[in-house]
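Engineer: Show me how the following folds:
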Amino acid sequence: MQSDIDPRSLIGRKAFDRDGRKIGTVDEVYLDDATGLPEWAAVRTGLFGRDAFVPLRPSDLVGDGLRVPYERALVKDAPDFGVGRHLSAEQEVQLYRHYGIALPPAPSRAPSPRPRPSPPPPSPPPSSPSPERRAGGPAGAGG
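Structural biologist: Next comes the predicted model:
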């Protein structure tokens, strides 16, 4: 899906499966925490149904609707996390797996602006062991 679309413009659109069958209506749009781009849509699956999360990245805007490249049954069987709350990382992983989508790479961390202090030098090795501690037993013992 195009990344420059206003997420608010998706709310209220009809959502259709890959065969063009109506799934429901987009209730909410969830943004990616790292990029701020629309990542998931919560689709109300019926008058008394629940909201099912669908991934926006492989979906397309077609006319006034959102076309999701999955079967309606798969969407309706998506994990139910409720709406109006933040999706946790674990919930997102469950959704990615449900739809068979490869997990996105973990966000890279920017290098620290200042160097980290070096660890202290290792302590000096202990003095050589006493004769009784050397391999082969006590001093003078034959092998």
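Engineer: buried sites along the lengthiest strand in the chain?
Structural biologist: Counting by DSSP state E, the longest strand found in the chain is strand 22-31. Neighbour-count burial for strand 22-31 flags Ile23, Gly24, Thr25, Val26, Asp27, Glu28, Val29, Tyr30 (criterion: 16 or more other Cβ atoms under 10 Å). Any C-beta I mention is one placed from the backbone N, CA and C, and that applies to glycine too.
Engineer: quick one: Gly84 is in a strand?
Structural biologist: No - counting by DSSP: H, G, I helix; E, B strand; the rest coil, one finds Gly84 to be coil, located in no strand.
Engineer: Gly100 versus the closest residue to it other than its chain neighbours, what's the distance?
Structural biologist: The shortest distance from Gly84 to any non-neighbouring residue, by Cβ to Cβ, 6 or more residues apart in numbering, is to Glu28 (7.2 Å). Glu28 is 23 Å from Gly100, where distance means Cβ to Cβ, to the nearest Å.
Engineer: For the closest residue to Tyr30 other than its chain neighbours, grab the count of nearby residues.
Structural biologist: Nearest residue to Tyr30, sequence neighbours excluded (Cβ to Cβ, 6+ apart): Trp40, at 4.1 Å. By other Cβ atoms under 10 Å, the residues close to Trp40 number 20.
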